[in-house]
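*Asks:* no sequence on this one, just coordinates:
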């Protein structure tokens, strides 16, 4: 299998879907002639031209609205946000229009749009460019939310998201774009709503999504080497739909869970998971559910402090040791 | 009632002893502290002292004979009894072995006479660890949901399980060796003071720093009893997480011994139980706690709890190990009330008839190895308490008096082991100073 970057995996997924379905259109700021702010769309404009790869002005409210409207008429837009932090100027278009139209039309109108881009902190771009809004969108019935951790998952999930008939919020991570993983040459799809056990263990379940999965895998290695604790790492991959069964099966096996996310703690994705686990597996728990999140403050600009705001493997290890 | 004298356990590995020589003859008057015999243990020949006054009425073991620890070897007739009429208290030495002699110490000899000698379970210069689960002040056992489910399935009484999870929570692993039994009553009354402040680190006694030499042919591998496991876990936790330090003071025991003679004169005739030295020491320990209440406290992680009531744990050796039954709210109790409570608790402890709440909730422990001839020692703090008193034997020795003369004296050495997080050197010293003063001027206990 070829070792390819997360960025290239996304690029391949876009290209494959553009070739497969003539309705697939990639649009966003600088996605075409500039090859994308983070080069995810590199080469696509050259290959597929301005009809399929469309540069748009700096007006998320306007172009997300346009794409939502186009999707209702059969186009399958893949809208790139330079940062997910900019989605807030398009909240009405995403939540009220994209999220509610299938329900409010009694199922007559679908909205097969994918909105994608980086949603992460830790890159010293300041509080207004470092939001991790997966919890906000996951809170809205009608929207699907995906946060892949690896190149393999990113490719398989993006292809599925593009083929899905509902609006999918696809959250990437600039810190992962350059990371490489093995990705098969042959076409494959990864369904939404299926979590992946990234590491098998028996002593504690670490649940994460996005880059926090990588942090957990690192923590699991430390725990095994230094403490003899075998951690199982469950990667949600998609937050909504949520694969409750894989999480619960792991908790039933290990009887403990530490939930890790780069989101802020208050009303974070893991707050929802903690409630779900205690409700559905209370009698399986041998310890309180632990949580490691970003420190509860706007993204810190000071580089030394920014380093400690997001979960680190050491913080996860400490939490696990306090839980076991 | 004559007093039974039994083969003492003079070393931690001693299971039987040889009576090398009787130093007293039948009919001899005996005072407490007199050497009555020489006993050869597995390690050495030691002198055996009397712990009561009386007359040597019966000798059951001849010189050179070897008998098991705890077996009756002689009988002491007390005042008013004619030596010739003194009869064993009961036909079986096992029963006779049960009372007075042992209770003088408050730390009776393990093992009934005639019982097969057991490899030593040391009566331990240790705080008797309570097989006590962590119970919240609201009377709720701290157990994980999984532990609760499994306990219900297996019929395990969680009030009898000690938790090793964070904060002392009972978790799945703690149930592996838990005794199966009827579940506790739905809402057992629990003392508020049994709240155990969380041990900062759960330390497993199963972790071996240095593994033992593997058992070979002829070696015995003795499976751990529940009590032995609890003792191991609690003491490892205590020694590894509580910063211990130790203070020692020597007191003139003569006034206390005299007081005892006075108190016991006529006790028999009036139907009162006899007061032991240990009873008086317990009373003095409590009176000193009343005067220095900061010692009656516990470390609570982010605070120190200074307890209003004094619940006194008394170390009692039993066959399998030791327990620390608790005399509750002891501050206002008279010497005879304390004496009766200790007798009752010790007897029932040996009969394994203590209820869990009777060995939970202590706030201070007294351990007394004086009856074993131990002159001084330092017990391990009995968590979650902050200090433990280690009482040695009253020993005759030369003393330099105020006039600079060397005179004979009855001296008693008392150790205090402290949790330095709660009790500092000055505070512990203040406590021992008060205690010494009370022992030397026991009339102060009347105040």
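*Replies:* Now that the structure is in, tell me what you want to look at. All values derive from a computational prediction rather than experimental measurement.

*Asks:* contacts for stretch B:430-447?
*Replies:* Stretch B:430-447 is contacted by residues B:247-253, B:255-256, B:259, B:280-281, B:283-285, B:287-289, B:291-292, B:295, B:335, B:387, B:389, B:412, B:414, B:416, B:423 when judged by CB atoms under 8 Å, 6 or more residues apart in numbering or on different chains. Bear in mind the C-beta positions are built from the backbone N, C-alpha and C, glycine included.

*Asks:* From the contact counts, what lies against the helix or strand harbouring residue B:365?
*Replies:* Applying DSSP states H and E as the criterion places residue B:365 in strand B:364-368. On a contact count with 3 or more CB pairs under 8 Å, 6 or more residues apart in numbering or on different chains; DSSP states H and E, strand B:364-368 meets helix B:277-291, strand B:312-314, strand B:387-400.

*Asks:* circling back to that earlier point, show me which of the contacts of stretch B:430-447 neighbour chain A.
*Replies:* Taking CB under 8 Å from any CB of the partner chain as the test, chain A is in contact with none of those.

*Asks:* what comes up buried for the lowest-mean-pLDDT helix or strand in chain A?
*Replies:* For chain A, scoring each helix and strand by mean pLDDT, DSSP states H and E identifies helix A:303-309 as the least confident one, at a mean of 90. Of the residues in helix A:303-309, those buried under the neighbour-count criterion (16 or more other CB atoms under 10 Å in any protein chain shown) are A:306, A:309.

*Asks:* Run the chain-centre distance for whatever helix or strand comes next after that helix.
*Replies:* Later in the chain than helix A:303-309, the nearest helix or strand by DSSP H and E is helix A:313-323. On the basis of CA atoms, centre = their mean, to the nearest Å, helix A:313-323 is displaced by 23 Å from the centre of the chain it belongs to.

*Asks:* Now residue 55. Its backbone dihedrals?
*Replies:* Since no chain was named, I'll use chain A. Listed backbone geometry of residue A:55 is phi -80, psi 140, with angles given as degrees, to the nearest 10.

*Asks:* meant chain B actually
*Replies:* Geometry field for residue B:55 lists phi and psi as phi -130, psi 140, criterion degrees, to the nearest 10.

*Asks:* Check it and give its pLDDT.
*Replies:* With respect to pLDDT, residue B:55 has a value of 90.

*Asks:* Contacts only, for it.
*Replies:* Neighbouring residues of residue B:55 by CB under 8 Å, 6+ apart: B:27-30, B:76-78, B:81, B:83.

*Asks:* Bridged to it, which residues?
*Replies:* The residues listed as beta-bridge partners of residue B:55 by DSSP bridges are residue B:29, residue B:77.

*Asks:* Next, the contact list for the residue nearest to residue A:253 when sequence neighbours are not counted, please.
*Replies:* Taking CB to CB, 6 or more residues apart in numbering or on different chains, and ignoring the residues beside it in sequence, residue A:253 has residue A:202 as its nearest neighbour in space, at 6.7 Å. If a contact means CB under 8 Å, 6+ apart, then residue A:202 has A:230, A:232, A:253-254 as its contacts.

*Asks:* Point out the one among the helices and strands packed on strand B:364-368 that comes closest to residue A:181.
*Replies:* Evaluated over these, closeness to residue A:181 peaks at strand B:387-400, with 59.2 Å, by CB to CB.

*Asks:* how many degrees apart are the closest one and strand B:364-368 in direction?
*Replies:* Inter-element angle recorded for strand B:387-400 and strand B:364-368: 40 degrees (by axes from the mean of the first three to the mean of the last three CA atoms, to 10 degrees).

*Asks:* so strand B:387-400 versus helix B:277-291, what angle?
*Replies:* 110 degrees.

*Asks:* The residue of the stretch 251-400 of chain B at minimum distance from chain A: helix or strand, and which one exactly?
*Replies:* Minimum separation of the stretch 251-400 of chain B from chain A (CB to the nearest CB) falls at residue B:301, amounting to 13.2 Å. Taking DSSP H and E as the definition, residue B:301 sits outside all helices and strands.

*Asks:* Then residue B:339?
*Replies:* Here residue B:339 sits within helix B:335-350, counting by DSSP H and E.

*Asks:* what's the spacing between that helix and its chain's center?
*Replies:* Relative to the centre of its chain, helix B:335-350 is centred 12 Å away, using CA atoms, centre = their mean.

*Asks:* Flag every buried residue along it.
*Replies:* By neighbour count, with 16+ other CB under 10 Å as the criterion, the buried positions of helix B:335-350 are B:335-336, B:338-343, B:345-350.

*Asks:* Serialize those to JSON lines and add fields for pLDDT and distance to residue A:174.
*Replies:* Below are these laid out as JSON lines (pLDDT from 0 to 100; distance: CB to CB, whole Å):
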{"residue": "B:335", "pLDDT": "92", "distance to residue A:174": "78"}
{"residue": "B:336", "pLDDT": "90", "distance to residue A:174": "80"}
{"residue": "B:338", "pLDDT": "95", "distance to residue A:174": "73"}
{"residue": "B:339", "pLDDT": "94", "distance to residue A:174": "78"}
{"residue": "B:340", "pLDDT": "93", "distance to residue A:174": "77"}
{"residue": "B:341", "pLDDT": "95", "distance to residue A:174": "72"}
{"residue": "B:342", "pLDDT": "94", "distance to residue A:174": "73"}
{"residue": "B:343", "pLDDT": "93", "distance to residue A:174": "77"}
{"residue": "B:345", "pLDDT": "94", "distance to residue A:174": "69"}
{"residue": "B:346", "pLDDT": "93", "distance to residue A:174": "72"}
{"residue": "B:347", "pLDDT": "91", "distance to residue A:174": "75"}
{"residue": "B:348", "pLDDT": "90", "distance to residue A:174": "71"}
{"residue": "B:349", "pLDDT": "89", "distance to residue A:174": "68"}
{"residue": "B:350", "pLDDT": "88", "distance to residue A:174": "72"}
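
*Asks:* Let me see the domain layout of chain A.
*Replies:* Annotated domains of chain A cover A:2-183, A:196-323 [automatic domain parsing].

*Asks:* Same question for chain B.
*Replies:* Looking at automatic domain parsing, the domains of chain B come to B:3-97, B:243-446.

*Asks:* Quick one, which of the contacts of stretch B:430-447 are buried?
*Replies:* For the contacts of stretch B:430-447, buried by 16+ other CB under 10 Å: B:247, B:249-253, B:255-256, B:259, B:280-281, B:283-285, B:287-289, B:291-292, B:295, B:335, B:387, B:389, B:412, B:414, B:416, B:423.
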